[in-house]
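Student: Quick check, what structure comes out for this input:
(chains A and B)
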Amino acid sequence: MLTISQLVITGIDAIAILIIFQHTSSYAGFSLPEVMFLYGTSGVSFAIANAFVGTVDQLGRHIRAGTFDAIMLRPVPALVQVAADQFSPRRLGKLVQAAVVLWVALATLDVHWTADRVALVPVMIVSGVFIFAAVWVLGATYQFLAGEAAEAMNAATYGGNYVTQYPLSILGKEAIRALTWVIPLAFINWMPALYILDQPDPLDLPAPVRLASPLVALLLCLVAAVVWRAGVRHYRSTGS
Amino acid sequence: MGLYLAVALASVRRHATYRAAAFGGAFANIVFGFIRAYVLIALWQTNPEIGGYDVVAAVTFCFLSQGLIGPIAVFNGGLPEVAERVRSGDIALDLYRPADFQGWLLATDLGRAVPDFCYRSIPPLLAGALVFDLRLPDSPALWLVLPVTAALAVVVSFALRYLVMLAATLLHDERGVSSVATILALFFSGIMIPLTLFPACLRPIAELSPWAATIQIPADIFLGRYHGLALLAALAGQAIWALALLGIGRVLTGRVRRRVVVQGG
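Tutor: Below you'll find the predicted structure:
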């Protein structure tokens, strides 16, 4: 019963979008199905990434409690252990809800569906999963330096999910640039969505950038892997 | 009374220690504040006045609500520390104390809220004021009312989280109950989107809900949307919810208590 009620209730933030469209039919140049498309793609990617690596934000707790020492001793990569800790299928509840929104969006979108656009949808979702996962791991690694940073990194993960639900064009240009080149959340769904929805890019970047999500995902995962390894190497036990 | 004051002061001292964690939380509140502000600004660009708010009021509301997230502890859902003690059996100790169980926890929670107002309410408002035009209360009398409405918001939120804690104890599902409670609170308090934007069918229900008394009402008082009797009525509404929810909590405590003793054995 509780799982079902949770499923319904995780959808409540989608209602916020419906409420916005009660007051306007065009939001920053995007229609309701277009914003639902952004919401759905971001939500699906986020939910999958959350299910697999979401618990890495508990790294600080492992370090404080000393359980990270035990993790280091086992012959399984530390990242896998931290990520698998307290795995709960409940974390997939959000996936169902986001998938429903995405399905409704795809059914109602007014898009000229060419083969490349159709193919780009799964590509952007998979790239989004890896970008979210890399951001999660990068944020968690920061806890090797500052153990109490768990809540601050919510800004990048949950905040990243939240900001990519909306057209990034609502932000100022500097913020969009930061989300493209510094923390490349724009490649989760914004850039490919511009291509699929044939919307103008507020930054006027060259067209191939819109298709760069898999490349960005790959690079960011490499960075995350290197940084994680450096973090583990510099880890010092609390020693108590 | 002296006992509860001592408990509250000890709680202030304890929570004032975790500065790094609090500022980490404030940082997340600030980032969300900026995103939400831009979400609202984009909507107000289509229409200069919605639900009685102009864009300055909407942005101010946004940073106020982010600033109140810490003091009213929305993301705790229930009372996680109590849930932990139920799990470990330490709760038996709490129930044997020669002090009122609910009163003890209320004092602890009020004490927790004080450093949260310093560390987590002020930074988002300052950050918002640096970038955007915010609307501050213009009359000195209103500044005097703010601590009252803020304290009532914390009490209402505590009374709600106390009930959530009781439900979690009964159902043996702390995480499930807490996450449902958190999402309801985020939605009906106005944090997710101001209640003034709600459609006509939902708006009166949301505005009369206890969650409105934790964010929407204090924020509207800050924005100077209540004057004279309406201001008193708004404060009375908060007080009524606080007393009613604390009362329900008291009645239910006795029933849950019997079960918990079995668990702790």
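Student: give me the number of residues near residue 115?
Tutor: No chain specified, so I'll use chain A. 7 (other Cβ atoms under 10 Å in any protein chain shown). C-beta coordinates here come from the backbone N, C-alpha and C atoms, glycine included.
Student: that's the wrong chain, I meant chain B
Tutor: Using other Cβ under 10 Å, B:Pro115 is surrounded by 21 other residues.
Student: and the helix or strand it falls within with chain A, contact?
Tutor: Assigned by DSSP states H and E, B:Pro115 belongs to helix B:101-116. No: contact of helix B:101-116 with chain A (Cβ under 8 Å from any Cβ of the partner chain) is absent, the minimum separation being 12.4 Å.
Student: Could you check the next helix or strand after that helix and say which residues are buried?
Tutor: Next along the chain after helix B:101-116, taking DSSP H and E as the criterion, comes helix B:122-131. The neighbour-count criterion (16 or more other Cβ atoms under 10 Å in any protein chain shown) identifies B:123-125, B:127-128 as the buried residues of helix B:122-131.
Student: Likewise for stretch B:133-151?
Tutor: B:134-135, B:142, B:145, B:149-151.
Student: neighbouring contacts of it?
Tutor: Contact with stretch B:133-151 is made by B:56-57, B:59-60, B:63, B:68, B:71, B:110, B:117, B:125, B:128, B:217-218, B:221-224, B:231, B:234-235, B:238, as judged by Cβ atoms under 8 Å, 6 or more residues apart in numbering or on different chains.
Student: what's the burial count for A:Val126?
Tutor: 15.
Student: Please, where are all the helices along chain A?
Tutor: A:2-10, A:12-23, A:32-53, A:59-65, A:67-73, A:78-84, A:93-108, A:115-141, A:150-163, A:173-177, A:190-197, A:213-233 (DSSP state H).
Student: In strands only, show me the contacts of stretch B:133-151.
Tutor: If you go by DSSP state E, the contacts of stretch B:133-151 have nothing in strands.
Student: Give me the buried subset of the residues you listed.
Tutor: Buried, going by 16+ other Cβ under 10 Å: B:57, B:59-60, B:63, B:68, B:71, B:110, B:117, B:125, B:128, B:217-218, B:221-223, B:231, B:234-235, B:238, out of these.
Student: So which of the residues you listed are in helices?
Tutor: Short answer: the buried ones among the contacts of stretch B:133-151 in helices (DSSP H) are B:57, B:59-60, B:63, B:68, B:71, B:110, B:125, B:128, B:217-218, B:221-222, B:231, B:234-235, B:238.
Student: sorry, back to before: can you list the buried residues of helix B:122-131 in CSV and add distance to chain A?
Tutor: Converted to CSV, those look like this (distance: Cβ to the nearest Cβ, whole Å):
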residue, distance to chain A
B:Pro123, 12
B:Pro124, 12
B:Leu125, 17
B:Ala127, 12
B:Gly128, 15
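Student: ok so, going back, mind exporting the helix holding B:Pro115 as PDB, just the C-alpha atoms?
Tutor: Below are the C-alpha coordinates for helix B:101-116, written out as PDB (Å, rounded to 0.1, in the frame of the first residue of the first chain):
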ATOM      1  CA  PHE B 101       7.500  12.900  26.400                       C
ATOM      2  CA  GLN B 102       6.000  15.300  23.900                       C
ATOM      3  CA  GLY B 103       7.000  18.400  25.900                       C
ATOM      4  CA  TRP B 104      10.600  17.200  26.100                       C
ATOM      5  CA  LEU B 105      10.700  16.600  22.300                       C
ATOM      6  CA  LEU B 106       9.100  20.000  21.600                       C
ATOM      7  CA  ALA B 107      11.700  21.700  23.700                       C
ATOM      8  CA  THR B 108      14.400  19.900  21.900                       C
ATOM      9  CA  ASP B 109      13.000  20.800  18.500                       C
ATOM     10  CA  LEU B 110      12.500  24.500  19.400                       C
ATOM     11  CA  GLY B 111      16.100  24.500  20.500                       C
ATOM     12  CA  ARG B 112      17.200  23.000  17.300                       C
ATOM     13  CA  ALA B 113      15.400  25.600  15.300                       C
ATOM     14  CA  VAL B 114      17.200  28.600  16.800                       C
ATOM     15  CA  PRO B 115      20.700  27.900  15.300                       C
ATOM     16  CA  ASP B 116      18.900  26.800  12.100                       C
END
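Student: Next, the buried residues of that helix.
Tutor: B:101, B:104-116.
Student: Tell me which other helices or strands it touches.
Tutor: For helix B:101-116, the packing partners by 3 or more Cβ pairs under 8 Å, 6 or more residues apart in numbering or on different chains; DSSP states H and E come out as helix B:2-16, helix B:55-72, helix B:91-96, helix B:140-171, helix B:228-264.
Student: Need the max-distance pair from the buried residues of helix B:101-116.
Tutor: Maximum pairwise distance among those (Cβ to Cβ): 23.6 Å, between B:Phe101 and B:Pro115.
Student: quick one, which of the helices and strands packed on helix B:101-116 is packed in tightest?
Tutor: Burial of those is given as mean neighbour count (mean count of other Cβ atoms under 10 Å in any protein chain shown); helix B:55-72 ranks first at a mean of 26.
Student: what about it, near chain A?
Tutor: No: applying Cβ under 8 Å from any Cβ, one finds helix B:55-72 out of contact with chain A, separated by at least 9.9 Å.
Student: how distant is that helix from the center of its chain?
Tutor: 12 Å (Cα atoms, centre = their mean, to the nearest Å).
Student: what about the helix or strand that that helix is followed by, distance to the chain center?
Tutor: Tracing the chain past helix B:55-72, the next element assigned as helix or strand by DSSP H and E is helix B:80-88. Distance, stretch centre to chain centre, for helix B:80-88: 21 Å (Cα atoms, centre = their mean).
Student: Whether helix B:80-88 contacts chain A - can you check?
Tutor: No: judged by Cβ under 8 Å from any Cβ, helix B:80-88 stays clear of chain A, getting no closer than 12.9 Å.
Student: Buried residues, that helix. List them.
Tutor: B:80, B:82-83, B:85-86.
Student: Looking at these, which one is closest to B:Gly176?
Tutor: B:Ala83 (11.6 Å).
Student: What pLDDT does the model give the closest one?
Tutor: Note for B:Ala83: predicted pLDDT of 86.
Student: so what's it up against?
Tutor: B:165, B:168-169, B:174, B:178.
Student: Distance check, it against B:Ala167.
Tutor: 11 Å (Cβ to Cβ, to the nearest Å).
Student: Then B:Asp54?
Tutor: Separation of B:Asp54 from B:Ala167 (Cβ to Cβ): 40 Å.
Student: What residues does chain B have near chain A?
Tutor: Neighbours of chain A within chain B, by Cβ under 8 Å from any Cβ: B:18, B:20-21, B:23-25, B:27-28, B:30-32, B:34-35, B:38-39, B:41-43, B:45-47, B:50, B:171, B:173, B:175-177, B:179-180, B:183-184, B:186-187, B:192-193, B:197-199.
Student: are any of the residues you listed buried, and which?
Tutor: Counted by 16+ other Cβ under 10 Å, the residues of chain B next to chain A give B:21, B:23-25, B:27-28, B:30-32, B:34-35, B:38-39, B:41-43, B:50, B:175-177, B:179-180, B:183-184, B:186-187, B:192-193, B:197-198 as buried.
Student: From these, which land in helices?
Tutor: B:21, B:23-25, B:27-28, B:30-32, B:34-35, B:38-39, B:41-43, B:175-177, B:179-180, B:183-184, B:186-187.
Student: Low-confidence regions, the chain specifically.
Tutor: If you meant another chain, say so; for now it's chain A. A:1-9, A:90, A:147-149, A:238-240 (pLDDT under 70).
Student: look at chain B instead
Tutor: B:260-265.
Student: Show the contacting residues for the residue nearest to the spatial centre of it.
Tutor: For chain B, B:Ile72 is the residue whose C-alpha lies nearest the centre (Cα atoms, centre = their mean; 2.5 Å). Neighbour list for B:Ile72: B:113, B:153-154, B:157, B:189, B:214-215 [criterion: Cβ under 8 Å, 6+ apart].
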